[in-house]
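Chemist: turn this into a model:
(4 chains)
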Protein chains: 2
Amino acid sequence: MGARPGARAYVVRRSTAGTIAAMSAAPNPVFVESVDTSYLEGLVGYNARRAALAIIAEFLPRMAQYELRPVDFSVLSLITHNPGITSRQLCSALSILPPNLVGMVTGLEKRGLIARAAHPHDRRAMGLHLTEEGQSLMRNAEKTAEQLEFEATSQLTPAERKTLIRLLQKIYA
Amino acid sequence: MGARPGARAYVVRRSTAGTIAAMSAAPNPVFVESVDTSYLEGLVGYNARRAALAIIAEFLPRMAQYELRPVDFSVLSLITHNPGITSRQLCSALSILPPNLVGMVTGLEKRGLIARAAHPHDRRAMGLHLTEEGQSLMRNAEKTAEQLEFEATSQLTPAERKTLIRLLQKIYA
DNA sequence: TATTGTTATACTCTATAACTATA
DNA sequence: TATAGTTATAGAGTATAACAATA
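Modeler: Next up, the predicted model:
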């Protein structure tokens, strides 16, 4: 439990390790030169969140040309590859709560990107489909997503990229 | 561009692939039996987000006993390993905006978990330290985090876990 | 002139309760 | 009785503008 070398950088550090907390009203006047994040960096959850946020940060400006947020892209992509999918199925697949999907579907329909059709077996449900305009937009949006994917993983070999996806799926699947 | 086998499951599917979008007012009455998420599952960003959310979902109930949200844990952990860290440094390290940190620090101080001390070189800043109570709580909280880490990565070998963290850091660092 | 910490506030995201039409 | 879709609303999370004190 002694002082570890390197990671932290203090100034005016007296040899009173372990007593700072006891002096909570007036801890030693030390300051941190460079922040040691090594503990958090050892946790998968922390790294997964940082990586996801980094990619989303790149996603936002690139998809702005299509006026799509990440969730809109996910919804349209699932409709693209699952024509006739219902709102309920979208909610389950993407962990969206039904009340929060309503506005998205309404908005995408108003923009002429998707259309609702009667469900063949269930009169409560509506099958969702892309319009021609929606298909055209998604062809471009998926190309943009794949270009982002390529650049976001530019520090990885193709094998590493495949490994990363496989290991991530072992966490959540 | 023909029909791919397997992934999608339709019923009452006529051989009119490619015409559904044109019939946007009345698409074919198909329905999706099981949702094909393979496209999204091929994107690192999607997988990183799902993995992060899965771990956070486990984190919440386990840290409830300490009344710590993920961000509180991150803040306290950085103070633990960087006694004297300033609010501004916390914001930079964790990508928190200063106005959003104020309430957290105030709350943690009111709970007696942290204490502010004068900064030795900068009278604008305050160095943050754990109190004895804060140290005691964080010893337990970090143990809980490590147990969660162990269980969340139970499908991974130790080498795979190390690889996963290394690859994630290549994405965001 | 720039930075730290702060207040106030707006915006987005996520969650809960309750309703209808249908299964 | 359960489910799909919906409305209204509450809460949590994230964002910008502006200020005082200090560098």
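
Chemist: do you know how far A:Ser38 is from DNA strand D?
Modeler: 22 Å (CB to the nearest atom of the strand, to the nearest Å). C-beta: built from backbone N, CA, C; applies to glycine.

Chemist: look at A:Leu128 and give its secondary structure.
Modeler: strand (DSSP: H, G, I helix; E, B strand; the rest coil).

Chemist: how near is it to A:Ala141?
Modeler: 16 Å (CB to CB, to the nearest Å).

Chemist: tell me which of the two has more neighbours.
Modeler: Ranked by neighbour count (other CB atoms under 10 Å in any protein chain shown), A:Leu128 and A:Ala141 place A:Leu128 first, with 28 against 21.

Chemist: is it true that the more buried one touches A:Ile79?
Modeler: Yes - taking contact to mean CB atoms under 8 Å, the distance of 5.0 Å between A:Leu128 and A:Ile79 places them in contact.

Chemist: now the common contact residues for these two.
Modeler: With CB atoms under 8 Å, 6 or more residues apart in numbering or on different chains applied, the overlap between the contact sets of A:Leu128 and A:Ile79 consists of A:85, A:90, A:114.

Chemist: please indicate which of those are buried?
Modeler: Buried members of the shared contacts of A:Leu128 and A:Ile79, counted by 16 or more other CB atoms under 10 Å in any protein chain shown: A:85, A:90, A:114.

Chemist: keep only those of the shared contacts of A:Leu128 and A:Ile79 that are in strands.
Modeler: The strands in this structure, assigned by DSSP state E, contain A:Ile114 from the shared contacts of A:Leu128 and A:Ile79.

Chemist: near DNA strand D, from the shared contacts of A:Leu128 and A:Ile79?
Modeler: For DNA strand D, no contacts are drawn from these by CB under 7 Å from any atom of the strand.

Chemist: what about the residue sitting nearest the centre point of chain A, helix or strand, and which?
Modeler: Taking CA atoms, centre = their mean, the centroid of chain A lies closest to A:Ala52, which sits 4.1 Å from it. Using DSSP states H and E, the secondary-structure element containing A:Ala52 is helix A:44-63.

Chemist: who touches the residue nearest to the centre of chain A in this structure?
Modeler: Contacts for A:Ala52 (CB under 8 Å, 6+ apart) come out as B:45, B:48-49, B:51-52.

Chemist: let's see if you can find the most crowded of the residues you listed.
Modeler: Using other CB under 10 Å as the neighbour definition, the contacts of A:Ala52 reach their maximum at B:Ala48, which records 29 neighbours.

Chemist: quick one: that residue from A:Leu148, how far?
Modeler: As defined by CB to CB, B:Ala48 lies at a distance of 13 Å from A:Leu148.

Chemist: again with A:Ile171
Modeler: Note on A:Ile171: its distance to A:Leu148, by CB to CB, is 22 Å.

Chemist: likewise A:Arg124?
Modeler: A:Arg124 sits at a distance of 37 Å from A:Leu148 (criterion: CB to CB).

Chemist: neighbour count winner among these two?
Modeler: Taking neighbours as other CB under 10 Å, A:Arg124 and A:Leu148 compare with A:Leu148 leading, 18 against 7.

Chemist: got the phi/psi numbers for the nearest residue to A:His121 once chain neighbours are set aside?
Modeler: Nearest residue to A:His121, sequence neighbours excluded (CB to CB, 6 or more residues apart in numbering or on different chains): B:Phe31, at 6.4 Å. Note on B:Phe31: backbone dihedrals following degrees, to the nearest 10 are phi -140, psi 160.

Chemist: which residues in chain A form helices?
Modeler: With helices called from DSSP state H, chain A shows them at A:38-41, A:44-63, A:70-81, A:87-94, A:98-110, A:132-152, A:158-172.

Chemist: let's have those in TSV, adding mean pLDDT.
Modeler: Listed next are the helices of chain A as TSV, based on pLDDT from 0 to 100:
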stretch	mean pLDDT
helix A:38-41	98
helix A:44-63	97
helix A:70-81	98
helix A:87-94	98
helix A:98-110	98
helix A:132-152	98
helix A:158-172	98
